[in-house]
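1. could you work out the structure for the sequence below:
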Amino acid sequence: MRIHRLEIQAFGPFAERQHIDFDALAEQGLFLLNGPTGAGKSSVLDAICYALYGSVPGARQNARRLRSDHAPVGLAPEVVCEFSAGSRRLEVTRNPSWNRPSRRGSGTTTEQAKTMLRERVAGEWVTRSTRNDEAGAELQALLGMNREQFTRVVMLPQGEFAAFLRSDAAARGELLQRLFATDRFSAVEQLLAERAAHASTRAQEVESELEDLLSRAVEEVERHGLSDDPLSGGPLSENPLSAGPLRSSDEHASAAGPTGNTEKPGSTDRPGSTDQSAPTDRPGSTDQSGGARGTGDGSAPGEAEADPASALAALQDRLTNAVVAGRNRARELTAVRDNAAKRRSRLETERRDRLAFRRLAAEVAENQIALAEAGALRELLENHRRAQILQGPLQTRDEAADQARSTRDKMHSLNGQLQADPAARQEIPDLLTLDVEVSGDAFDSAHEALRERLAEARAALPTEQDLVRLEDRIRITVQRSEVKTAELDRYSTRQQRLEEELSDLSARIETTEAAGARAAELASACAETAAQLDLLAQADRAERSLRELDERQDSQRALFLAAKEDWLQKLQLRLEQTAAELAARLSPGEPCPVCGSQEHPAPATAGTQGLVTREDEESARAHQDEAERSFRDTTAVRDAAALQAAGLRARSGDTPAGTVRAALASLEEERGEAEAAVRASAELLARKATAEAALAGVREQQAEAVRSEAEFSSLLSALEEQHTALLARLESVRGRYATVAEKVAQLEGTAQRVGAVCAALSAWQQAAARLEKAEHALTLQLAATEFASPDTVRQALLDDSRVEAMEQRIREAEHAAHRIERDLERPENVAAAASEKNGEPIPEEDEIAAAARAEESVRVQLERAVLEVGLLEQSVVQMGSYADRVAALDDRLVPLRQAYRLARSVADTVRGNGENLYRMSLATYVLAARLEQVAEAATERLQHMSDGRYSLVHSDSRSGNRKSGLGLNVIDSWTGMRRDTATLSGGESFMASLALALGLADVVQQESGGLDIETLFVDEGFGSLDEQSLEQVMDALENLRDGGRVVGLVSHVAELKQRIPAQLHVSKGRTGSSVRFVNQLERV
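-> Numbers count the residues shown, from 1 in each chain. Sure thing, here's the model as predicted:
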């Protein structure tokens, strides 16, 4: 991978757009990237990383802060990198996410990150992708490295590798795991742990199935009532298998942890130690060598347990003994049943044979009659077979006669059609008078003459068709001329009508324009009159409302006065009652509490009315106040309504509403007429314009029709001349026919009919000859037989179905005779005949039924016994199946346990336990192998830098009490001692870390697919070297340029500025940093 061009804009410290031509730097092979601290040297490398991967290394990954703070407000951040990989040349453009100013209003809007990937094809840039994810995936697939690997291979971070050189195994392992992606080996550890758990589960399932089989065997024996334990005399429900179960796979998985590693910080693992969760061996089972296995981990060494196979054998023996006893009982019942069956069978056989013999005797008489009929049928069949010899010649003669008759009838029928043909009577009248059966030559000659005439008529058909087309054209031309003449008449009539219509429209337009002038005045008058009418209506409504308010005011006034009178009365009564109370308390000589007088000449007295309390007086006062408020409110509303009514009446005037309404109706009517006149005027103007346009069109069409009529007249004269000439040529060909086509049609029909008669005459003559030949052959064959004529032959012949039926009847009669003869000779029929002769009785059905009942009773007992034996035998077979399955399960359990032990051993080994002497997990072992490769690659460069003094080697140094395999030492060839990398000096550490970085880059490059890295950056660290060491390091870096590789050094060392002519100088300022290319050789 080679970088050709880099452009940076508003990115990091770079505000303006910066252009870096790496092809120019590549001419020297080695260039220096220098500049003051903070100028942006690392930002150049960040820009390359961001262009390729969309992010930057380390803590600078936050893309929101990638935009330069020095850049103008609206300038978008952008990085463009042109590079080549293999034979492909590509350009990637990326814009980080940034906050741009809003296009409307104040504030900012987030602009999302963008990517564009292009490839140069045939001298043109072709866009490959504009999606961030798609372009990133294609770039990573092309480079073969992720961002972490790229920053370690292409951009060697010298400071990080110095830390890597001195770091412990854990930190070193984290970096190596990120670079080499060894997560898959951790996944293998987890997978092996899961497989060990799965193997444990499978073994437990087989043991459970074994226990289930033994339980079912005990149930099988108990089903037959055999309930004693064959081993100990106890109940059979106790399972004889008592081996300890396997530890569950869940327990193993929980012990292994989520990654399958049971190690804990601070634990001490002894070499060869094993997990205690293995499945225990079932007691009594045997291993592959045939020896007996002892008890498992869950039982004491001295305990002895029952063997499942022995228990099953004892159960099977008990079932076998029961089967033997059942079979003996079944044999006894079988003998009894056989004797009863023999007696029943003898009675049934005797009755059946006697009845069958009587039916056989009746069949003998019937068969004698059938045999006599079969003799007569046999004679008819013999006569039929003799007649079959003449059937072929007779059939041939009949077919020939039929064909001759049909062809002759067809010939006369066709001749009759010819006689009825009018054209034949005109064209061949002499032929119609001849006898068709003897005039074959005359018909052939007439047929040939008709064909010649037909050919002549057909030759004239095109001329006649031309005449027809010419007549059609003349007719069409006449029709079109007549159409044009009619059009001229219509155009004249329409022109006159349009001129009259224009005159009428002009007069009407003048009238409507005068009437429409008053429309505006009438509209204003209508509006004023409508407003006056509305005011009159409002005034009437206001006066009606005022009258209602007057009535309401009078009512409220009456209520107020009544309430006030009631309150005053109650107040007067209460005062009087109070004075009476005071007077009642007066005593002679005592001062009056009101006037102070000691004399009381006329004390007040209470009236006869009821007592009025203070509450009554206050209630009356409140009622009076409420009535007063209602009265005042009503009065205020009435006064306002009166004022409104007076104003409306003043504005509307005193004219009656009816008069105003009639005036408005009259004005509106006049206004409608005026507006209608205005609308009619516009319509009339439109109609006038339309009529004027139509009149102009009619005049043009009239002129065009006149021209067309003249053209049609000229064309018609020419066509009539052509018609006269063609008609004269066809007269001689038509003859008596109306048209040549008619003549052709008539001649074709006549010629076809004459040809058909000729063909039928020839066919009849051939059929007559075949008939004569067939009759002669039949006569010769009849003379050699006993048949006198063909009719006698036909009478002797029979159809196939009748022959078959007759033969079937003969066979049935003969077969029946043979069968009856055999049946009479059978022993049972001979015995039955003797019994019939001796007059012995036939056994009755009741006697047979009694014998059958006795047999059935014994049979039921036998079936029950056989069923019981069958069930026992099934149980024996089932028990044997159980024994086979137990043996099979035992055989299955052996490899399952071995598989579990193997899986557990492998899982423990890859986790660093068990037989793993290195105490390394699989992932750590792989990283140790990678580190060994890195150390070997780094040693090649370190020896060159140190004049062969130092070599890097990895070691299996312990991490706690475990070997990590990620240790790193340096060997000093001067002393021959191995020492820790932390003992190296600053310059030695730089050389070692640089060599380590280059070695790691080589290994990662090989790991990622071997992509050729043609551009390389080395960052800082040269200041710690002395002159000799710097020289050696520079020689090593010079070697990196072999093969066209470009190496960029990032450093502040002044001596490098003198040694390296090609320089990329980064300078900083208040407005941002800038980059420029400096060539010291050009300066010199």
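
2. mind giving me the packing neighbours of the helix or strand in which Leu726 is found?
-> In this structure, Leu726 sits in helix 657-734 according to DSSP states H and E. Identification of packing neighbours for helix 657-734 by 3 or more Cβ pairs under 8 Å, 6 or more residues apart in numbering; DSSP states H and E yields helix 461-516, helix 519-584, helix 740-783. C-betas here are computed from N, CA, C, even on glycine.

3. if you compare these, which one is most tucked away?
-> Ranked by mean neighbour count, the helices and strands packed on helix 657-734 are led by helix 740-783 with a mean of 17 (mean count of other Cβ atoms under 10 Å).

4. list the contacts of Phe22.
-> Applying Cβ atoms under 8 Å, 6 or more residues apart in numbering to Phe22 gives the contacts 2-6, 1015, 1046.

5. please flag which of the residues you listed sit within helices.
-> Assigned to helices by DSSP state H, none of those qualify.

6. let's have those residues in TSV, adding neighbour count and pLDDT.
-> As requested, these are arranged in TSV below (neighbours: other Cβ atoms under 10 Å; pLDDT from 0 to 100):
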residue	neighbour count	pLDDT
Arg2	18	86
Ile3	23	90
His4	18	92
Arg5	15	93
Leu6	20	94
Thr1015	20	80
Val1046	23	80
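
7. on that earlier part again, and Gln1063, which of the helices and strands packed on helix 657-734 is closest to it?
-> Closest approach to Gln1063 among the helices and strands packed on helix 657-734 is made by helix 519-584 (94.4 Å; Cβ to Cβ).

8. neighbours of Thr981, how many?
-> When neighbours are counted by other Cβ atoms under 10 Å, Thr981 registers 21.

9. from Ile1013, how far out is Arg1045?
-> 7 Å (Cβ to Cβ, to the nearest Å).

10. give me the more crowded residue out of the two.
-> Ile1013 (21 against 17).

11. that one in helix, strand or coil?
-> coil (DSSP: H, G, I helix; E, B strand; the rest coil).

12. tell me how far it lies from Ala937.
-> Applying Cβ to Cβ, one obtains 14 Å for the distance of Ile1013 from Ala937.

13. any low-confidence regions in the stretch 651-800 of the chain?
-> Within the stretch 651-800 of the chain, the segments meeting pLDDT under 70 span 732-735.

14. what's the local residue count around the closest residue to Glu487 other than its chain neighbours?
-> Closest residue to Glu487 apart from its sequence neighbours, by Cβ to Cβ, 6 or more residues apart in numbering: Ala705 at 4.7 Å. Ala705 has 20 neighbouring residues, counting by other Cβ under 10 Å.

15. how much space is there between Gln532 and Pro656?
-> Shown here: Gln532 relative to Pro656, a distance of 12 Å by Cβ to Cβ.

16. how close does the residue nearest to Leu685 when sequence neighbours are not counted get to Ser503?
-> The shortest distance from Leu685 to any non-neighbouring residue, by Cβ to Cβ, 6+ apart, is to Ile509 (6.3 Å). Separation of Ile509 from Ser503 (Cβ to Cβ): 11 Å.

17. one more: Ala680?
-> 17 Å.

18. now distance to Glu350 too, for the contacts of Phe22, in CSV please.
-> Shown next, in CSV, are the contacts of Phe22 (distance: Cβ to Cβ, whole Å):
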residue, distance to Glu350
Arg2, 120
Ile3, 121
His4, 123
Arg5, 125
Leu6, 124
Thr1015, 121
Val1046, 125
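
19. of those, which belong to strands?
-> 2-6, 1015, 1046 (DSSP state E).

20. next, the buried residues of the helix or strand harbouring Thr110.
-> Using DSSP H and E, Thr110 sits in strand 108-111. The neighbour-count check on strand 108-111 (16 or more other Cβ atoms under 10 Å) flags nothing as buried.

21. other SSEs contacting the following helix or strand past it?
-> Moving toward the C-terminus from strand 108-111, the next helix or strand (DSSP H and E) is strand 114-121. Counting contacts by 3+ Cβ pairs under 8 Å, 6+ apart, strand 114-121 packs against strand 88-95, strand 124-129, helix 132-143.

22. so how far is the longest helix along the chain from its chain's centroid?
-> In the chain, with assignment by DSSP H, the single longest helix is helix 308-387. Relative to its chain's centre, helix 308-387 lies at 69 Å (Cα atoms, centre = their mean, to the nearest Å).

23. and the angle from the next helix or strand after that helix to helix 740-783?
-> Under the assignment DSSP H and E, the closest C-terminal helix or strand after helix 308-387 is helix 391-419. Helix 391-419 runs at 160 degrees relative to helix 740-783, counting by axes from the mean of the first three to the mean of the last three Cα atoms, to 10 degrees.

24. what helices or strands is helix 391-419 leaning on?
-> Against helix 391-419 (3+ Cβ pairs under 8 Å, 6+ apart) you get helix 740-783, helix 790-796.

25. would you map the helices across the stretch 801-950 of the chain?
-> 827-838, 845-910, 922-945 (DSSP state H, counting those that start in this stretch).

26. and the second one, what does it pack onto?
-> Helix 845-910 sits against helix 183-222, helix 308-387, with contacts defined as 3+ Cβ pairs under 8 Å, 6+ apart.

27. ok, which of these comes nearest Ser524?
-> helix 183-222 (96.4 Å).

28. Serialize the helices and strands packed on helix 657-734 to TSV and add fields for distance to Leu667.
-> As requested, the helices and strands packed on helix 657-734 are arranged in TSV below (distance: least, Cβ to Cβ, whole Å):
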stretch	distance to Leu667
helix 461-516	15
helix 519-584	5
helix 740-783	86
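
29. can you tell which of those is closest to Ala423?
-> helix 740-783 (4.0 Å).

30. the closest one to helix 657-734, inter-axis angle?
-> Using the same axes, to 10 degrees: helix 740-783 against helix 657-734 is 60 degrees.

31. so how far is helix 740-783 off the chain centroid?
-> A distance of 76 Å separates the centroid of the chain from that of helix 740-783, by Cα atoms, centre = their mean.

32. now stretch 883-898
-> 48 Å.

33. pLDDT (mean, whole number) over it?
-> The average pLDDT within stretch 883-898 is 83.

34. pull the CA atoms of it into PDB?
-> Output in PDB follows, covering the C-alpha atoms of stretch 883-898 (Å, rounded to 0.1, in the frame of the first residue of the first chain):
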ATOM      1  CA  ALA A 883     -31.400 -57.800  29.100                       C
ATOM      2  CA  ASP A 884     -30.100 -57.000  25.600                       C
ATOM      3  CA  ARG A 885     -30.800 -53.300  26.100                       C
ATOM      4  CA  VAL A 886     -29.200 -53.300  29.500                       C
ATOM      5  CA  ALA A 887     -26.100 -54.900  28.000                       C
ATOM      6  CA  ALA A 888     -26.300 -52.400  25.100                       C
ATOM      7  CA  LEU A 889     -26.700 -49.500  27.500                       C
ATOM      8  CA  ASP A 890     -23.800 -50.800  29.500                       C
ATOM      9  CA  ASP A 891     -21.700 -50.900  26.300                       C
ATOM     10  CA  ARG A 892     -22.800 -47.400  25.400                       C
ATOM     11  CA  LEU A 893     -22.000 -46.100  28.900                       C
ATOM     12  CA  VAL A 894     -18.400 -47.200  28.700                       C
ATOM     13  CA  PRO A 895     -17.400 -45.000  25.700                       C
ATOM     14  CA  LEU A 896     -19.600 -42.100  26.900                       C
ATOM     15  CA  ARG A 897     -17.700 -42.100  30.200                       C
ATOM     16  CA  GLN A 898     -14.400 -42.300  28.300                       C
END
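
35. list the buried residues in it.
-> Going by neighbour count (16+ other Cβ under 10 Å), the buried part of stretch 883-898 is 883, 885-886, 889-890, 892-894, 896-897.

36. what of stretch 432-439?
-> Going by 16+ other Cβ under 10 Å, stretch 432-439 has these buried residues: 436, 439.

37. who's in contact with that stretch?
-> Stretch 432-439 is contacted from outside by 411-412, 415, 418-419, 424-425, 431, 442-443, 757, 761, 764, using Cβ under 8 Å, 6+ apart.

38. Pro656 versus Arg544, what's the distance?
-> 16 Å.
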